[in-house]
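**Student:** Quick one: sequence plus predicted model below, questions after.
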Amino acid sequence: MSKQCYYEILSVSKSCSEADLKKAYRRMAMKFHPDRNPDNHEAEIKFKEIKEAYEILSDSQKRAAYDQFGHAGVDGSQGGGFGGGGSGFGGFGDIFEDIFGGSRGGGGGGTAAYRGSDLQYNLELTLEEAVFGTSVDIRVPSKQTCETCDGSGAKEGSHPETCGTCHGQGQVRIQQGFFSVQQTCPHCHGAGTVISDPCDDCHGEGRVEQKKTLEVKIPEGVDTGDRIRLSGEGEAGINGGPSGDLYVQMHLKEHEIFTRDGNDLHCVMPIPFTQAALGGNINVPTLRGEVSLKIPAETQTAKVFRLRGKGVKSVRSSMTGDLLCRIDVETPINLTSKQKKLLEQFQAALEKGGEKHSPQQHGWGTKAKSFFDEVKGWFENEADTK
């Protein structure tokens, strides 16, 4: 069963602001929290959906991925659970920590560790590379752990100092009306430490901008829009957090002969009108070499021939698509006087045979005459009524 849209779950528009998102989450989380709805299974399910939606949409990078790719763009982003002990959902304090920015990655105090950002790399492939698979090297700019300070952000010989505002907790507790809630420490931004003597290379961030070369193996049959996930090849985490992932997204270049539609290929084959009339064999290019195609006599323009198994093998199954070859009957040009005279004689011979040589032309002419007679009668009736 398809998952419901996250925006619909929170009853907000796709263009809603972060503030509106928080308000909607707070209102609905309070309404459906299991502590307020004991023994209500439907409320429990609803609360899970609300929390999952907010966890994705409140993260700007995950929200951008969801807006572009839907649920496929954030699959694997959510954790396996929604809280600690008891009911499995936590108390109301958990809700307000989510709303007011409390960091929960550090497990309740101390230096907070953050997962690195996911990255996306757009890779252009030829049709042949996509069909047969290949291996390519890509250079990806990303933030990696600073080797000079080993990610601490502090200059050699010095160390990060405990934050005097939060006393190393990474969070401060503030009063919001009747509620006492936690917020990320504004001084150390949740790290729990401050750097008074920063590293010269990373300037205290613990990460530096680098380009790394990665080998990407492209399986057979990939298509535009397919993605390959390279786990841990995104940006380095902060304070020892895990690295993000790298998503390599496929884009196929335009081919001079074939166009692709899923696992099928399409091409247009021009043939002379004499061959279309008399029939014969033509050589049709495929991605695996030429094949012979028999053209029946009296073949018309736009006739499509299907060459089974000459398309693309699916990346997700063992099925192989077809090649659909569309015939384009070509009118000869740059004729000599002799050739024109022969065609005139040929045309005269056709006209003696009447409509049997050009049934479509004569059928169209009959329809056109009927139409014009109808229009003429309509105008005559209009004139008689005036």
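**Tutor:** Right, received. Where do you want to start?

**Student:** Low-confidence bits of the stretch 251-386 of the chain, can you list those?
**Tutor:** Scanning the stretch 251-386 of the chain with the threshold set as pLDDT under 70 gives 359, 361-369, 372-373, 375-377, 379-380, 382-386.

**Student:** Strands of that one, start to end?
**Tutor:** Under the criterion DSSP state E, counting those that start in this stretch, strands of the stretch 251-386 of the chain are mapped to 259-261, 264-272, 280-284, 291-295, 304-307, 323-330.

**Student:** Could you say which of those is packed most deeply?
**Tutor:** Sort the strands of the stretch 251-386 of the chain by mean neighbour count, taking mean count of other Cβ atoms under 10 Å, and strand 323-330 sits at the top with a mean of 18. No exception for glycine: its C-beta is placed from N, CA and C like everyone else's.

**Student:** Now do it and strand 280-284, the angle between them.
**Tutor:** In terms of direction (axes from the mean of the first three to the mean of the last three Cα atoms, to 10 degrees), strand 323-330 departs from strand 280-284 by 120 degrees.

**Student:** Only C-alpha atoms, please: export strand 323-330 in CSV.
**Tutor:** C-alpha atoms of strand 323-330 as CSV (Å, rounded to 0.1, in the frame of the first residue of the first chain):
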residue,chain,number,x,y,z
LEU,A,323,13.4,-2.6,-31.0
LEU,A,324,10.5,-0.8,-32.8
CYS,A,325,11.5,0.3,-36.3
ARG,A,326,9.4,2.9,-37.9
ILE,A,327,9.4,3.1,-41.8
ASP,A,328,9.8,6.5,-43.4
VAL,A,329,9.2,6.3,-47.2
GLU,A,330,11.5,8.8,-48.8
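
**Student:** Could you name the helices and strands sitting against it?
**Tutor:** strand 264-272, helix 273-278, strand 304-307 (3 or more Cβ pairs under 8 Å, 6 or more residues apart in numbering; DSSP states H and E).

**Student:** CSV for the ones you listed, including distance to Thr193?
**Tutor:** Shown next, in CSV, are the helices and strands packed on strand 323-330 (distance: least, Cβ to Cβ, whole Å):
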stretch, distance to Thr193
strand 264-272, 59
helix 273-278, 80
strand 304-307, 67
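
**Student:** want to throw the strands of the stretch 251-386 of the chain into CSV with distance to Leu214?
**Tutor:** As requested, the strands of the stretch 251-386 of the chain are exported to CSV (distance: least, Cβ to Cβ, whole Å):
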stretch, distance to Leu214
strand 259-261, 26
strand 264-272, 30
strand 280-284, 39
strand 291-295, 38
strand 304-307, 38
strand 323-330, 34
